[in-house]
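> Generate a structure from the sequence data that follows.
(chains A, B and C)
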Amino acid sequence: MHAAVIDWYRRHARVLPWRSADRTAWAVMVSEFMLQQTPVGRVLPVWEEWLRRWPSPADLAAEPSGEAVRAWGRLGYPRRALRLHAAAAAITERHGGRVPDDEADLLALPGVGAYTAAAIAAFAHGRRAVVLDTNIRRVFSRTLQGQALPRPSMTVAESRLARALLPADDADAAEWNVAVMELGALVCTARAPRCDDCPLAARCTWLAAGRPAADHRPPGQTWAGTTRQLRGAILAVVREATEPVDVAALLRTTTGPVDGPTAGSSGKPPVRYRRALAVLASLGHDDDRVRAALDGLAADGLVQLEDTDGVGARGRAGNGVRTVRLPD
DNA sequence: TATACGTGGAG
DNA sequence: TCTCCAAGTAT
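Below you'll find the predicted structure:
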């Protein structure tokens, strides 16, 4: 199994900048944060710009967290930007500016969970670590258990299995991890697996069984009308704005014509805000809901609310809060 | 353990 | 169109 997968990987692996020989541990760490729940294609340009601007953890830590949120752009889950910024600060303070190679140290960093800690140890430092992401879980689920998809939550058995399959040598283990992950990403995909091109086809339990359908259905995330959509729309406006956004004007967009908070001297909102403003207009008819979303964003540290005196508001949005902007 | 948390491309 | 889903983490 090892030989088949690693041989396939050496011939078919994508050329990705965070896999280049001259990459830094920081570059790998940034990629791991960005790749959480986000496709490679969308990460690429943001990652390039991020590393150009902040080549080391200390460079990022020296900036306001709001700059991280802005540079995160439209990657999604912007709290990751905040956590990466906080992790960079922790690395600068506690680890002399070097990305730790110890899994326990990595796990202690904001935004670093079991997967990311193992991935950084393995891919940035060549350490032997049990890397278990959705791709690897799916490959094991099919080839070894005959199941189309792994269970929604990780099981102890899975973790034990992955550890048992891990090559003893550090370098071999690191390559095995990335190879299985790549196989899951390119061939053993969730929707339409390309079993004809799979190096494990001859020994795949699931394929032998005739590719039975999954016995359970993933939760399925709703989107339209959710707080998440509202948060996204608000943040899209704030992220692009060069000035603090007036909250009253933001609320007006929920009932009136789309103008105000982002309107320039022309009186017309920039085209890139149109979509977000349309969302606000369609969803936000309840001002309390918009305020609640603002409070949530502020509680997460993604935005900063200010009152008339320009002092950061600790209370609820709406109690004298006038503007919203990215945090310092 | 179940939920919340963004975004946009693919089928 | 519309549903599914992508290198998860925190609570």
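
> Run a quick neighbour tally on the residue in the stretch 151-300 of chain A positioned nearest to DNA strand B.
Proximity of the stretch 151-300 of chain A to DNA strand B (Cβ to the nearest atom of the strand) peaks at A:G232, 1.9 Å away. In short, each C-beta sits where N, CA and C put it, glycine included. Residues lying near A:G232 (other Cβ atoms under 10 Å) number 18.

> Give me the phi and psi angles of it.
phi -60, psi -40 (degrees, to the nearest 10).

> what's the pLDDT at it?
Listed pLDDT for A:G232 reads 94.

> Same check on the one 5 residues further on?
A:V237 carries a pLDDT value of 91.

> host element of it?
Using DSSP states H and E, A:V237 sits within helix A:227-240.

> Please apply the same query to A:R80.
Assigned by DSSP H and E, A:R80 belongs to helix A:79-94.

> what packs against that helix?
Packing partners of helix A:79-94 (3 or more Cβ pairs under 8 Å, 6 or more residues apart in numbering; DSSP states H and E): helix A:25-35, helix A:57-61, helix A:65-72.

> how about A:L44, what does it touch?
A:16-17 (Cβ atoms under 8 Å, 6 or more residues apart in numbering).

> ok and the helix or strand containing it relative to helix A:25-35, angle-wise?
Using DSSP H and E, A:L44 sits within helix A:40-53. Counting by axes from the mean of the first three to the mean of the last three Cα atoms, to 10 degrees, helix A:40-53 lies at 140 degrees to helix A:25-35.

> Can you give the distance from helix A:40-53 to the centre of its chain?
13 Å (Cα atoms, centre = their mean, to the nearest Å).

> Name the residues of it that come out as buried.
A:43, A:46-47, A:50-51 (16 or more other Cβ atoms under 10 Å).

> That helix vs helix A:79-94, what angle?
Using the same axes, to 10 degrees, the direction of helix A:40-53 lies 40 degrees away from that of helix A:79-94.

> angle of helix A:40-53 against helix A:65-72?
140 degrees.

> Output helix A:40-53 as CSV - backbone C-alpha positions only.
Taking Å, rounded to 0.1, in the frame of the first residue of the first chain, the C-alpha atoms of helix A:40-53 are listed here in CSV:
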residue,chain,number,x,y,z
VAL,A,40,-6.3,25.0,-3.0
GLY,A,41,-7.2,27.2,-6.0
ARG,A,42,-8.6,29.9,-3.9
VAL,A,43,-5.8,29.8,-1.4
LEU,A,44,-2.9,30.2,-3.9
PRO,A,45,-3.1,33.9,-4.6
VAL,A,46,-3.8,34.9,-1.1
TRP,A,47,-1.0,32.8,0.3
GLU,A,48,1.5,34.4,-2.2
GLU,A,49,0.5,37.9,-1.1
TRP,A,50,0.5,37.0,2.5
LEU,A,51,4.1,35.6,2.5
ARG,A,52,5.3,38.5,0.4
ARG,A,53,4.0,40.9,2.9
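
> Just the buried positions in stretch A:69-76, please.
By neighbour count on 16+ other Cβ under 10 Å, the buried set for stretch A:69-76 is A:69-73, A:75.

> now do stretch A:147-165
Residues of stretch A:147-165 classed as buried by neighbour count (16+ other Cβ under 10 Å): A:147-150, A:158, A:161-162, A:165.

> what's the farthest-apart pair in those residues?
A:A148 and A:L165 (19.9 Å; Cβ to Cβ).

> residue nearest the centroid of chain A?
By Cα atoms, centre = their mean, chain A has its centre lying nearest to A:Q36, at 3.6 Å.

> okay but it is in contact with A:Y77, surely?
Yes. With contact defined as Cβ atoms under 8 Å, A:Q36 counts as touching A:Y77 (7.1 Å).

> what's in contact with stretch A:188-201?
Under the contact criterion Cβ under 8 Å, 6+ apart, stretch A:188-201 has outside partners A:1, A:4-5, A:7-8, A:135, A:138-139, A:142-143, A:149, A:183, A:186-187, A:204, A:207, A:211.
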